[in-house]
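K.L.:
Please find the sequence and the predicted model below.
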Amino acid sequence: MERTDLACVMAHGDKAAPATGRTLVAVFASPVAKYLLHFGADLGLRTVLIDPTGDLPSLDKSIVDGDTDVVVTDHDRPELGEMLRDALALPARWIGVMGSPRHPAPHLPALRALGVDEADIARVHRPIGLNIGSHTPPEIAIATLAGLIADRNGRPGGFYG
């Protein structure tokens, strides 16, 4: 059977999703980042891992533009404030930090200690992802990506919190 609807063709696996021109930046090498990058690439996103340790790229204008979503995958890292401050100085479309809404948001005191303006701090989303009860790294990555897709498409699935 010949399919002519592109969405139908892709849903049946007869054609790969086209590149979107969008970028997903995962900050900090973590188990969740691994799945974000894997599934993000499957969604047609350009994926980039940023971590201040090792030989990874830096968070700068060569990576982040107005079509970039930045997801910080570890809220316990000592570099959290500096990484978020740097992301906020760039034209990212969206910036979020993983973390349970049941726990204090460590990015708030970290950013305030660095002198980041409250209006910029308010641009950081937390918690992130759809509230599907995810616990494992793949589930968290899927919930996060689903929330980003809903947000980009102006759909009500969006983020909770």
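P.N.:
Perfect, thanks for sending it. Not measured: the values here are computed from a predicted model.
K.L.:
May I have the phi/psi pair for the spatially most central residue of the chain?
P.N.:
When Cα atoms, centre = their mean is applied to the chain, the residue found nearest the centroid is residue 71 (3.1 Å). Listed backbone geometry of residue 71 is phi -120, psi 120, with angles given as degrees, to the nearest 10.
K.L.:
So which residues of this structure form strands?
P.N.:
When secondary structure is read from DSSP state E, the chain shows strands at 23-27, 46-50, 68-72, 94-97, 124-125.
K.L.:
and the first one, which strands flank it?
P.N.:
I take that to be strand 23-27. Here strand 23-27 is paired, per DSSP bridges, with strand 46-50 (parallel), strand 68-72 (parallel).
K.L.:
Centre of the chain to the first one, how far?
P.N.:
Put plainly, it is strand 46-50. Mean-position distance between strand 46-50 and its chain equals 10 Å (Cα atoms, centre = their mean, to the nearest Å).
K.L.:
how about that strand as PDB, C-alpha atoms only?
P.N.:
The C-alpha trace of strand 46-50 is given here as PDB (Å, rounded to 0.1, in the frame of the first residue of the first chain):
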ATOM      1  CA  ARG A  46      21.200  18.000  16.600                       C
ATOM      2  CA  THR A  47      22.400  16.800  20.000                       C
ATOM      3  CA  VAL A  48      25.400  18.100  22.000                       C
ATOM      4  CA  LEU A  49      26.800  17.000  25.300                       C
ATOM      5  CA  ILE A  50      28.500  19.700  27.400                       C
END
